[in-house]
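>>> Fold the following.
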Amino acid sequence: MIGVLLMAHGTPARMDDLSSFLESIRLRPPTQAEVDDLWNRYKAIGGLSPLLELTEEHYRNLVQVLERDYPGSFKVAFGMKHATPLIEDGLDALEESLKGEDVDRIIGLVLAPHFSKASIGGYESRLRSALQPKQSMQASDQAGDGPFQRASFSMIRSWHLAPGLIDMWTSRIAEEIASLSENDISQEGSSEDVYQGGSRLRTHVIFTAHSLPARLEETGDPYAQQVAETAAAVAGKAELQDWSVAWQSIPPGSTLPWLEPDVSDVIRKVAYDGYQAVVICPVGFVSDHLETLYDLDIVASKVASSCGLLYRRCASLDHDFRVAETLVSVINQELLPK
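The predicted structure follows:
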């Protein structure tokens, strides 16, 4: 038997939880101004984000695919980094579901494709810290023979080039470029104004991911490189000619240097360079949440509009059953002999 703990960032369950949510992220009590800013952004998207419900859906789909393809071989639980059920709660649930089973392996997997010490590294550290005392106790005479006693642990640190991930984003870009062609250019240009993807509008695709402090890249952190590799793989499969990578969602008021260029700056440059439309592909995220629904659908969209650009944002992978199938392929790859 193999146990899998699926992990995600988490989101507040109620607007009253905003302060504790921010404190968990920033490791300090937030100021009232920070809470008010977050409150206003959630209000702008119509209330709390759908991240919890979407995470639960990805979890249920993963259970379904594993049971379909490998009946009786896996147990799965999920936990979140900054909201309940926490990672530690998820590990408790996994332990309970594995009681009485002969467990060979525990695998940690995050619903985020790219590794950084500041992101996936934090999940791994939390999970290892929660798992270690359980394994130690179960190996002692006091706790008896628990499910984690002889199980080895491995963490899937990235899946940024998983074929299923590349396929899902490629199809979404094709859909958005087709929508520009069909809906926005019936009276634009002439038959010889043909550009990439069948759109008569000159279109630029921007791949985005959450920015991180620039100092991480200086220490050899692979996050920026992995995001660039995902973008290049999708652009190649989609046969894009005009594309770039940009960063988004820098925390308001931050004084640290963060990964650049910012997506708003790239949108302005795209307009200056004579493009007529921009398509945003948020490859750094799996599910919709504040960083897509506010930072892209509201802020970036307004920037594009102010520059005279038609704006499209690729739909997130929210309800796509292929996410679970991709995760199963990633788990299988982890189980192969090294």
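
>>> Relative to F153, how far out is M137?
15 Å (Cβ to Cβ, to the nearest Å). Every C-beta, even on glycine, is put in place using the N, C-alpha and C of the backbone.

>>> Those two: which is more packed in?
F153 (17 against 14; other Cβ atoms under 10 Å).

>>> now the more buried one, nearest residue through space, not along the chain?
Nearest residue to F153 in three dimensions, chain neighbours excluded: I106, at 4.8 Å (Cβ to Cβ, 6 or more residues apart in numbering).

>>> low-confidence ranges in this protein?
The model of the chain has pLDDT under 70 over residues 138-145, 182-199, 338.

>>> which residues in it form strands?
With DSSP state E as the definition, the chain shows strands at residue ranges 2-8, 74-80, 105-110, 152-156, 203-210, 243-248, 277-281, 310-313.

>>> wait, what's in contact with the residue nearest to F153?
By Cβ atoms under 8 Å, 6 or more residues apart in numbering, I106 lies in contact with 2-5, 94, 131, 148, 151-154.

>>> separation between it and I156?
Taking Cβ to Cβ, one finds I106 at 12 Å from I156.

>>> Also L131?
Distance check for L131 against I156: by Cβ to Cβ, it reads 15 Å.

>>> Check E96 too.
23 Å.

>>> Of these two, give the one with the bigger neighbour count.
Shown here are E96 and I156; by other Cβ under 10 Å, I156 has more neighbours (18 against 11).

>>> For L91, see how far away that one is.
Counting by Cβ to Cβ, the separation of I156 from L91 is 16 Å.

>>> can you list the domains in the chain?
Here the domain parsing of the chain from automatic domain parsing is 2-159+320-335, 163-313.

>>> Would you enumerate the residues in contact with A231?
207, 243, 245, 281, 283.

>>> again, only using 10 Å
160, 169, 205-209, 240, 243-246, 281, 283-284 (Cβ atoms under 10 Å, 6 or more residues apart in numbering).

>>> ditto for S154
Residues in contact with S154, defined by Cβ under 10 Å, 6+ apart, are 105-109, 124, 334-335, 338.

>>> So it versus A178, what's the distance?
From S154 to A178 the distance is 40 Å (Cβ to Cβ).

>>> Likewise for E124?
40 Å.

>>> again with A224
In terms of Cβ to Cβ, A224 sits 30 Å off from A178.

>>> quick one: which of these two has more around it?
For A224 versus A178, the count of surrounding residues by other Cβ under 10 Å is larger for A224: 19 against 13.

>>> W247 is in contact with the more buried one, correct?
Yes. Counting by Cβ atoms under 10 Å, A224 touches W247, with 8.5 Å between them.

>>> Mind listing the shared neighbours of the two?
Here A224 and W247 have 209, 211-212, 214, 259 as joint contacts, going by Cβ under 10 Å, 6+ apart.

>>> any idea which of the residues you listed has the most stuff around it?
Of all the shared contacts of A224 and W247, the most densely surrounded is A209 (29 neighbours; neighbours counted as other Cβ under 10 Å).

>>> so what's that one closest to, chain neighbours aside?
A209's closest residue in space is G284 (Cβ to Cβ, 6+ apart), at 2.5 Å.

>>> Check A93 too.
Counting by Cβ to Cβ, 6+ apart, the residue nearest A93 is A77, at 4.2 Å.

>>> again with R313
Nearest non-adjacent residue to R313 (Cβ to Cβ, 6+ apart): I280, at 4.4 Å.

>>> before we move on, back to that, please name the residues that touch the residue nearest to A209.
112-114, 119, 160, 207-212, 223, 226-227, 230-231, 245, 247-249, 291-292.

>>> now do V279
Contact analysis of V279 by Cβ under 10 Å, 6+ apart lists 172-173, 175-177, 179-180, 197, 199, 203-207, 240, 242-243, 310-314.

>>> try 7 Å this time
By Cβ atoms under 7 Å, 6 or more residues apart in numbering, the residues touching V279 are 173, 176-177, 203, 205, 312, 314.
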